[in-house]
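no FASTA, just this:
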């Protein structure tokens with residue numbers, strides 16, 4: 001297998017784990033009454049982040065050869081090299097000079113009793129990553145030989161559309177996979193991209209919030225109710241999107257995942273585990289999904305495999321993905 005090419009964002013993430021946002025706000029209010037001070041005893045984890053970096057890392061952990069195109073300063077570049085060094089020749093890093101992003105993610109139980117994460121980010125130069133970053137003769141050869149080209153976090157990149165057009169045009173043999181991240185403030189622009197360039201996109205991967213944003217932009221309302229929804233609504237949402245935008249949709253949600261090409265729709269229930277980590281869970285799902293496509297799994301097998309991989313990621317307190325063997329061992333222990 002040739003490499004899977006992933007781009008473009010890199011963030012350093014600080015995850016702050018809270019019992020509830022109300023408790024945190026109360027503590028903030030109390031401290032500000034006295035002019036400030038420290039809120040101690042809050043569990044905090046620092047990890048490498050960014051959708052592209054997370055997906056590339058998960059793919060490498062699954063045993064796949066990856067090429068990562070991203071941006072960072074010298075400190076971030078050293079972190080990336082150290083992080084991926086364990087994979088040896090299976091990880092090829094192309095890091096251009098610039099400012100990587102910084103994110104603080106708050107994880108807490110919401111009022112419905114579900115774990116939520118809210119991220120505050122400085123996107124750095126991730127917001128200006130265009131075709132010029134992947135334009136050398138060697139870069140174009142990598143694209144031409146790729147088995148898959150994965151473009152993620154379009155929403156944070158003002159040049160995301162130009163990047164997609166460039167890399168997909170130069171990778172005619174590859175699976176073309178997009179996960180746009182939170183498109184709410186640019187939903188019409190993203191719909192325009194799908195309308196005008198959907199013919200070069202093989203797979204659109206979205207979560208429930210991104211699905212609702214895109215559906216609203218297309219005039220279909222909000223097909224997935226907030227927090228309280230069922231498998232029928234997830235399947236219907238995937239089908240509506242796929243049929244009307246003309247792109248195959250993989251929709252991953254809290255209760256399960258659906259695939260639709262606009263004519264057929266298949267759903268697989270999520271696999272319940274004790275959740276310790278939320279940030280990056282969607283990236284782990286995408287990585288497994290991509291591997292499933294390239295491995296030739298049928299749709300249900302691929303959705304179950306991806307759900308299992310994401311579940312194992314979420315139960316890790318250290319946001320560490322598992323290997324492919326660990327996924328298969330896990331699947332043997334659960335009642336499907």
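Done, it's in. Owing to the predicted nature of the structure, the values given are computational and were not obtained by experimental measurement.

Just checking: what are the partner strands of the least confident helix or strand in the chain by mean pLDDT?
Taking mean pLDDT, DSSP states H and E as the measure, the chain has strand 44-49 as its least confident helix or strand, at a mean of 79. Paired neighbours of strand 44-49 in the sheet (DSSP bridges): strand 11-20 (antiparallel).

on that earlier part again, what sits up against the helix or strand just after the least confident helix or strand of the chain?
Using DSSP states H and E, the next helix or strand after strand 44-49 towards the C-terminus is helix 51-61. Here helix 51-61 makes contact (Cβ atoms under 8 Å, 6 or more residues apart in numbering) with 4, 6-11, 48, 66, 68-70, 80, 83-84, 87, 90-91, 150, 152-153, 179, 181, 280, 282-284, 286-288, 290-291, 309, 313, 321-323. (Each C-beta comes from the backbone N, C-alpha and C, glycine too.)

Selection in ChimeraX covering whichever of the residues you listed are buried, please.
Burial among the contacts of helix 51-61 is assessed by 16 or more other Cβ atoms under 10 Å; the matching ChimeraX selection reads:
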select :4,6,7,8,9,10,11,48,66,68,69,70,80,83,84,87,91,150,152,153,179,181,280,282,283,284,286,287,288,290,291,309,313,321,322
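
hmm, back to that, can you point out the buried residues in the least confident helix or strand of the chain?
45, 47-49.

Quick one: residues in contact with that strand.
10-17, 54, 57, 79-80, 83, 101, 103, 279-280, 318-319.

re earlier: what is the nearest of the buried residues of strand 44-49 to residue 107?
Nearest to residue 107 out of the buried residues of strand 44-49 is residue 45 (Cβ to Cβ; 9.6 Å).

How much space separates the closest one from residue 303?
For residue 45, the distance to residue 303 equals 29 Å [Cβ to Cβ, to the nearest Å].

Spatially central residue in this protein, please.
residue 283 (3.3 Å; Cα atoms, centre = their mean).

right, and residue 209 touches residue 187 too?
No - counting by Cβ atoms under 8 Å, residue 209 does not reach residue 187; the two are 10.7 Å apart.

in the stretch 51-200 of the chain, which spans are strands?
Here the stretch 51-200 of the chain has its strands, by DSSP state E, counting those that start in this stretch, at 66-72, 91-97, 101-109, 115-122, 148-152, 175-179.

Now the fourth one: average pLDDT?
So the one you mean is strand 115-122. For strand 115-122, mean pLDDT rounds to 84.
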